[in-house]
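>>> what shape does this take:
(chains A, B, C and D)
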Number of protein chains: 2
Amino acid sequence: MARPRKAQELDIGRRAVEETIRLVAQRGDFDVPLTEVALAVGCTAPALYGHFRNKCALLIAMRDEGFNRLYEVKAAVSERMRSDPFGYLREGSYAYARFALHNPTLYRLMFSPPPKLGVGDDPWSSENGRRVLALLLNGLRESQDHGYLPGADLRRQGLMFWSTVHGAVSLNLENQAMDPAAKWDATRDVIDTLMEMIAATGRRNPPAGS
Amino acid sequence: MARPRKAQELDIGRRAVEETIRLVAQRGDFDVPLTEVALAVGCTAPALYGHFRNKCALLIAMRDEGFNRLYEVKAAVSERMRSDPFGYLREGSYAYARFALHNPTLYRLMFSPPPKLGVGDDPWSSENGRRVLALLLNGLRESQDHGYLPGADLRRQGLMFWSTVHGAVSLNLENQAMDPAAKWDATRDVIDTLMEMIAATGRRNPPAGS
DNA sequence: CCTTAAAAGTTAACGTCGTTCATTTATGGA
DNA sequence: TCCATAAATGAACGACGTTAACTTTTAAGG
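Presented below is the predicted three-dimensional model:
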């Protein structure tokens, strides 16, 4: 056999990304053989080269999909919390941390990709990364309207905020000495500490609009 | 030739670690062939297996050496800043960031090691990592004595502090869109933002001891 | 001194994996 | 029905981690 029947015309590109995400999560390492990906997809390894220039391209596609999913999670929280911007800062961070803790290997690929991929690991350089940052900045701006962080530079605060959450996640992510619950507790504790610090900036200035 | 003369008895273990650090930095990726390490050391690849169980063991040794160097840098700053604990928080963070920006690949190996290494990436689980954290906690405690962070839980603050600095470093580290100076500026800006936030907690309570 | 056993590398070889090449087969239009 | 093209296959290559078998230096003992 050399070319499959039209019946099984399942977009091999999409499936490869999905299966790679699955295998990577299962393995706990993004060093998965192309043969296994191909097997999961239902083809052979060289067939993948018709859809991706090489293995790095596949991993990059997987990384982009990761940013897609992260954005969707955060956008959903943003929608739900539309009326409470300060609450969004907290819940959005929780959701971010949960995403990372539930997809540790994918998260590592997104934010600490092997240099071979040739991508800057700056998340806001990709379109979806930028949108995630935009959600955060939006939450900060609206929180500022509610009296928090008076007079603060939003972009600075945003980058510090993201640094803190990402740092907490990153430090706790693959610590084998902690069970998942402990990782979550430790990460949430950092987020809470940050939120308390921001909250402290607002107590002196109750909602400016009221 | 099968066994070298006693004259050239250069501890191959140490040299392998040094050369690996050098090659990894030069390459910008810790995926360096053992053959190259061996060549740099002056032996053949299989000879390394007399000193390290496998390649992972070599990388782990390199990681430990990284924590050694980081600790020494931070300890030096701590010594120099002994009289100004709040200043140490800033200068120690600067030094930390400089270390990371000057040794990006080593830093990545320390804090985002490939799972294959079998080490938790929790830095304070290793002895030298714990000592770095101890320096930070010490700085926080003494800053508290000077009126900053009144009534705060030091361990919580310490973990948040480290999360922020590590997060900033990690996000800016390998962003190919930024030149080294820009990376430094962005990282320092996050540190400064954090320091200003901590400083704000102290302005209301001038040095308690005076 | 000579012999001998262990030590420490070296060369050769194997297995895995990413990647390429030539080949084969299904597809869609003339 | 026949042909050009697209798409995937199986075989093969090269790099690399790792292991096995061999070789030679070192150190000790008779």
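>>> any idea which element the most centrally placed residue in chain A lies in?
With distances taken as Cα atoms, centre = their mean, the residue of chain A nearest its centroid is A:L70 (4.3 Å). Per DSSP states H and E, A:L70 falls inside helix A:55-80.
>>> give the buried residues for that helix.
Buried positions in helix A:55-80, judged by neighbour count with 16 or more other Cβ atoms under 10 Å in any protein chain shown: A:55, A:58-67, A:69-71, A:73-74, A:77-78. C-beta here means a position set from N, CA and C on the backbone, and glycine is covered the same way.
>>> what's the distance between the residue nearest to the centre of chain A and A:V77?
Distance of A:L70 to A:V77, computed by Cβ to Cβ, to the nearest Å: 11 Å.
>>> where do the helices sit along chain A?
A:12-27, A:34-41, A:45-48, A:55-80, A:85-102, A:104-111, A:127-145, A:154-173, A:180-203 (DSSP state H).
>>> not counting its neighbours along the chain, what's nearest A:L154?
Nearest non-adjacent residue to A:L154, counting by Cβ to Cβ, 6 or more residues apart in numbering or on different chains: A:L140, 5.2 Å away.
>>> got it, and A:R98?
Leaving aside its chain neighbours, A:R98 sits nearest to A:W184 (7.6 Å; criterion: Cβ to Cβ, 6+ apart).
>>> can you get me a residue count around that neighbour?
A total of 17 residues lie near A:W184 under the criterion other Cβ atoms under 10 Å in any protein chain shown.
>>> domain parsing for chain A?
Domain assignment of chain A by automatic domain parsing yields the ranges A:10-52, A:66-203.
>>> out of those domains, which comes closest to B:A200?
Of all those, domain A:66-203 sits nearest to B:A200, with 7.2 Å by Cβ to Cβ.
>>> quick check: mean pLDDT of that closest one?
For domain A:66-203, mean pLDDT rounds to 94.
>>> so does that domain get close to DNA strand C?
No - using Cβ under 7 Å from any atom of the strand, domain A:66-203 stays clear of DNA strand C, with a minimum separation of 8.6 Å.
>>> and that domain, how far from the chain's centre?
8 Å (Cα atoms, centre = their mean, to the nearest Å).
>>> what angle separates the helix holding A:L70 from helix A:12-27?
Computed by axes from the mean of the first three to the mean of the last three Cα atoms, to 10 degrees, the angle separating helix A:55-80 from helix A:12-27 equals 80 degrees.
>>> my read: the residue nearest to A:R98 touches A:Y94, true?
No - taking contacts as Cβ atoms under 8 Å, A:W184 lies outside contact range of A:Y94: 9.2 Å.
>>> for stretch A:188-204, which positions count as buried?
Buried, per 16+ other Cβ under 10 Å, within stretch A:188-204: A:188-195, A:197-199, A:201-202.
>>> give me the contact list for it.
If you take Cβ atoms under 8 Å, 6 or more residues apart in numbering or on different chains as the criterion, stretch A:188-204 is touched by A:86, A:89-90, A:93-94, A:97, A:143, A:146-150, A:152, A:161, A:164-165, A:167-168, B:156-157, B:159-160, B:163, B:197, B:200-201.
>>> how close does the residue lying closest to A:E19 once chain neighbours are set aside sit to A:R15?
Nearest in space to A:E19, with sequence neighbours left out and distances taken as Cβ to Cβ, 6+ apart, is A:A40 at 4.0 Å. Distance, A:A40 to A:R15, using Cβ to Cβ: 8 Å.
>>> just A:Q157 next, same as before
Note on A:Q157: its distance to A:R15, by Cβ to Cβ, is 41 Å.
>>> more neighbours, these two?
Using other Cβ under 10 Å as the criterion, A:Q157 and A:R15 rank with A:Q157 on top: 23 against 16.
>>> doesn't A:L149 make contact with that one?
Yes - if you go by Cβ under 8 Å, A:Q157 and A:L149 touch, sitting 5.9 Å apart.
>>> quick check: closest non-adjacent residue to A:R155.
Closest to A:R155 by Cβ to Cβ, 6+ apart is A:L137, at 7.0 Å.
>>> what's the one you found in contact with, if anything?
A:L137 neighbours (Cβ under 8 Å, 6+ apart): A:L154, A:R155, A:G158.
>>> I figured A:A100 was touching A:V169, is that so?
Yes - applying Cβ under 8 Å as the test, A:A100 and A:V169 come out as touching, 4.3 Å apart.
>>> neighbours of the nearest residue to A:W162 once chain neighbours are set aside, how many?
With Cβ to Cβ, 6+ apart as the criterion, A:W162 has its nearest non-adjacent residue at 6.2 Å, and that residue is A:L136. A:L136 has 25 neighbours, counted by other Cβ under 10 Å.
>>> looks like A:L136 contacts A:F161 (just checking).
Yes - A:L136 lies in contact with A:F161 (Cβ under 8 Å); the separation is 6.3 Å.
>>> common neighbours of the two, please.
A:L89.
>>> where's the residue in chain A positioned nearest to chain B relative to A:D84, distance?
Closest approach of chain A to chain B (Cβ to the nearest Cβ) occurs at A:G167, with a separation of 2.6 Å. Applying Cβ to Cβ, the value for A:G167 to A:D84 is 25 Å.
>>> ok, those two, which is more surrounded?
A:G167 (27 against 15).
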